[in-house]
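>>> quick one, fold the following:
(2 chains)
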2 protein chains.
Amino acid sequence: MTHPAIASPSNPRIKAAVRLRDHRERHGTGLTIVDGARELRRALEAGVVVEEAFVHLPFVRTADARAALDRLHDGDVSIVEVSEAAFEKVAFGDRSDGIVAIVRVPGTSLNALRLPPEPLVTVLEGVEKPGNVGAVLRSADGAGADALVIADPRTDIFNPNAIRASLGTIFSVPIGADTTPQVRLWLDTWVPRLIAARPEAEMLPWDVDLTGPVAIVLGNEADGLGTRWAGDDVIGVRIPMRGVADSLNVSIAAAVLLYEARRQRG
Amino acid sequence: MTHPAIASPSNPRIKAAVRLRDHRERHGTGLTIVDGARELRRALEAGVVVEEAFVHLPFVRTADARAALDRLHDGDVSIVEVSEAAFEKVAFGDRSDGIVAIVRVPGTSLNALRLPPEPLVTVLEGVEKPGNVGAVLRSADGAGADALVIADPRTDIFNPNAIRASLGTIFSVPIGADTTPQVRLWLDTWVPRLIAARPEAEMLPWDVDLTGPVAIVLGNEADGLGTRWAGDDVIGVRIPMRGVADSLNVSIAAAVLLYEARRQRG
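The predicted structure is shown next:
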């Protein structure tokens, strides 16, 4: 169904959508904003509930964008055609393939995560930058991780910038989040074998058995991993740093370790 | 030596520095602008010629920043203390550890590259985004690649955003750049074994021998690799994509392939 066009950037629905760029509004409403067709298509494929979509048809040009629009039409979604000015406002100046949508934030309860028999899980502690969350999700998606678990998140996970940086894989990779103690308890039950990336560790990734159920644990760039990941039950691995820099971006470290696991798992 | 402070953001030297944010000005002068202490320290360690440094001392707080400043004092560099307003102007609103410097752009002639006996080289074709150039350099630095060769560059390599994204490794990783035909000629002589990342290739990275002299070739995200990399002398490898996305960021792909080479090379 196509509703009458919104022309004015000051329209209340446009303003309500723009407010979702602020994390407090996302927290209060349980909604977030998805920019771009590929991202929205992946949200739809994952069964995410779309509340409303704003479309500026002259910007809808790619196959991805048309596919997302077709899929919105098939569902029971309110599609609102808007003027270029209104679209620029809601899309924060980005063209976003002509589509911006408001969706319900998916749940991130650890108890809702369903894992296969020999899971490969990524654990990320204390990450602050939404772009890093998104980039780690892209690595996890590519390498076929079964879940991303976020311990002590310092950003709201479904931040629009995380959604964008993930290219929409944020909707397809199962995600759980909780405090670090709760995450450790959950891991004790479900994935007790922990491999932590630590610059001072002795073993290299290819010296460690990464087959079977395994959780690869990464800290944030500034602080590394907290002391709760230092026990005898945690195996440290060091990604060799052969140049002048002393660390890799967390999404690069995740990819190197997850693809090494992928290699070993055949 | 410490020159008298510049107070005004309209000072001609501040304005001249700001103009270097524009690629035409960088091209015309052979200069570029380095933001941040870590980046500048790595430039100094690599012997890059610093023309002038702008410092706002109240922002110089980290050990990295003080080390860079000490090193500037030791060299014959004009250090200009500037006001907060002038610094904000030259640093584009970023605090940059209180230091921004103007440096000579290093040469990128292929003929000047010196390689060890069994080099591991990264080749990047047609990359457009400075941030991607910088991120690939960080991967190349970490994995210990002996050089980055850029074929048909579509951005000026020493773009300030590339410098920043590389964390300054742009100054320590040897870089060559030329047209794709010239790069192919150079590779024929120096690193004839070419491994190209292609989504449609059959072999996986760990099925291919990455020891000995080897060049790992990556295209840009939009177009992939051009036809000049399709010959019988090029071995294609595919990084498995197990999720919903069909590609990794080029810096992630570079890291996965380079660290697989590092693993094989022991």
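
>>> now do the strand or helix carrying A:Gln182, average pLDDT.
Using DSSP states H and E, A:Gln182 maps to helix A:180-190. The average pLDDT within helix A:180-190 is 96.

>>> what residues does it touch?
Where contact means CB atoms under 8 Å, 6 or more residues apart in numbering or on different chains, the residues beyond helix A:180-190 that reach it are A:110-111, A:113, A:115, A:119, A:121, A:123, A:125, A:149, A:151-152, A:176, A:178, A:194, A:213, A:215, A:226, A:228. C-betas here are computed from N, CA, C, even on glycine.

>>> same deal with stretch A:103-111?
Outside stretch A:103-111, the residues that touch it by CB under 8 Å, 6+ apart are A:26, A:30-34, A:43, A:46, A:48-51, A:149-150, A:157-158, A:171, A:175-178, A:182-183, A:186.

>>> starting at the chain centroid, how far to it?
In terms of CA atoms, centre = their mean, to the nearest Å, the centre of stretch A:103-111 is set 12 Å apart from its chain centre.

>>> first-to-last residue distance for it?
Taking CA to CA, to the nearest Å, stretch A:103-111 runs 22 Å from one end to the other.

>>> report the buried residues of that stretch.
For stretch A:103-111, a neighbour-count test (16 or more other CB atoms under 10 Å in any protein chain shown) marks A:Val103, A:Val105, A:Pro106, A:Thr108, A:Leu110 as buried.

>>> does the closest residue to the fourth one other than its chain neighbours belong to a helix, a strand or coil?
Read that as A:Thr108. What sits nearest to A:Thr108 in space, not counting adjacent residues and going by CB to CB, 6 or more residues apart in numbering or on different chains, is A:Ala177, at 4.2 Å. With DSSP: H, G, I helix; E, B strand; the rest coil as the basis, A:Ala177 sits in strand.

>>> for A:Ile79, which non-adjacent residue is closest in space?
Of all residues not flanking A:Ile79 in the chain, A:Ala53 sits nearest, at 5.0 Å (CB to CB, 6+ apart).

>>> now for the helix or strand that contains the one you found, which elements pack on it?
A:Ala53 is located in strand A:50-55, with elements delineated by DSSP H and E. Applying 3 or more CB pairs under 8 Å, 6 or more residues apart in numbering or on different chains; DSSP states H and E, we find strand A:50-55 packed against helix A:12-19, helix A:37-45, helix A:63-74, strand A:78-82, helix A:84-90, strand A:99-104.

>>> contacts made by the fifth one with the rest, please.
Outside helix A:84-90, the residues that touch it by CB under 8 Å, 6+ apart are A:6-9, A:11, A:14, A:17-18, A:54-56, A:58-59, A:82, A:98, A:100.

>>> need the max-distance pair from these.
Using CB to CB, the two most remote members of these are A:Val18 and A:Pro58, lying 20.7 Å apart.

>>> any idea how far the residue of the stretch 51-200 of chain A found nearest chain B lies from A:Ile252?
Closest to chain B within the stretch 51-200 of chain A is A:Gly144: 2.8 Å, counting by CB to the nearest CB. From A:Gly144 over to A:Ile252 the distance is 17 Å, taken as CB to CB, to the nearest Å.

>>> higher neighbour count, the two?
A:Ile252 (26 against 17; other CB atoms under 10 Å in any protein chain shown).

>>> check which helix or strand covers the more buried one.
Counting by DSSP H and E, A:Ile252 is part of helix A:250-265.

>>> for that helix, C-alpha coordinates in CSV please.
The C-alpha coordinates for helix A:250-265 follow below in CSV (Å, rounded to 0.1, in the frame of the first residue of the first chain):
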residue,chain,number,x,y,z
VAL,A,250,39.2,-5.7,16.4
SER,A,251,37.3,-6.7,13.2
ILE,A,252,40.6,-7.7,11.6
ALA,A,253,41.6,-9.7,14.6
ALA,A,254,38.2,-11.4,14.7
ALA,A,255,38.5,-12.3,11.0
VAL,A,256,42.1,-13.7,11.3
LEU,A,257,41.0,-15.9,14.3
LEU,A,258,37.7,-17.0,12.9
TYR,A,259,39.1,-17.8,9.5
GLU,A,260,41.9,-19.8,11.2
ALA,A,261,39.1,-21.7,13.0
ARG,A,262,37.3,-22.1,9.7
ARG,A,263,40.5,-23.6,8.1
GLN,A,264,41.0,-26.0,11.0
ARG,A,265,37.3,-27.0,10.9
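
>>> anything in stretch A:61-71 near chain B?
No - Stretch A:61-71 stays clear of chain B (CB under 8 Å from any CB of the partner chain), getting no nearer than 11.3 Å.

>>> contact partners of the strand holding A:Ala53?
With CB under 8 Å, 6+ apart, strand A:50-55 has contacts from A:6, A:13-14, A:17, A:31, A:40, A:43-44, A:69, A:72, A:75, A:77-82, A:86-87, A:90-91, A:98-104.

>>> which of those residues count as buried?
For these, buried by 16+ other CB under 10 Å: A:6, A:13-14, A:17, A:31, A:40, A:43-44, A:69, A:72, A:77, A:79-82, A:86-87, A:90-91, A:98-103.

>>> any part of the helix holding A:Ile252 near chain B?
Yes - under the criterion of CB under 8 Å from any CB, chain B is reached by helix A:250-265 at A:Ser251, A:Ile252, A:Ala255, A:Val256, A:Tyr259, A:Glu260, A:Arg262, A:Arg263.

>>> and the first one, what does it touch?
Okay, so that is A:Ser251. Going by CB under 8 Å, 6+ apart, the list of residues near A:Ser251 reads A:Asn132, A:Ala135, A:Val136, A:Arg138, A:Ser139, B:Asn249, B:Ile252.

>>> before we move on, back to that, top of the residues of helix A:250-265 next to chain B by neighbour count?
When neighbours are counted by other CB under 10 Å, A:Ala255 leads those with 31 neighbours.

>>> that one and B:Val136, how far apart?
Distance from A:Ala255 to B:Val136, by CB to CB: 13 Å.

>>> what do you get for A:Gly236?
A:Gly236 sits 27 Å away from B:Val136 when distances are taken as CB to CB.

>>> which positions within the helix holding A:Gln182 qualify as buried?
Neighbour-count burial for helix A:180-190 flags A:Thr180, A:Val183, A:Arg184, A:Trp186, A:Leu187, A:Trp190 (criterion: 16+ other CB under 10 Å).

>>> middle-most residue in chain A, spatially?
With distances taken as CA atoms, centre = their mean, chain A has A:Ile170 as the residue nearest its mean C-alpha position (3.3 Å).

>>> what secondary structure does it sit in?
helix.

>>> pick the one among the buried residues of helix A:180-190 closest to A:Pro205.
A:Leu187 (19.3 Å).

>>> follow-up on the earlier one: for my notes, please list the helices and strands packed on strand A:50-55 in TSV and give mean pLDDT and distance to B:Arg198 for each entry.
As requested, those are exported to TSV (pLDDT from 0 to 100; distance: least, CB to CB, whole Å):
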stretch	mean pLDDT	distance to B:Arg198
helix A:12-19	95	40
helix A:37-45	94	21
helix A:63-74	90	22
strand A:78-82	93	38
helix A:84-90	94	37
strand A:99-104	96	31
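
>>> measure stretch A:82-94 end to end?
Using CA to CA, the two ends of stretch A:82-94 sit 15 Å apart.

>>> and stretch A:57-70, by the same measure?
Start-to-end span of stretch A:57-70 (CA to CA) is 13 Å.

>>> that'll do, ta.
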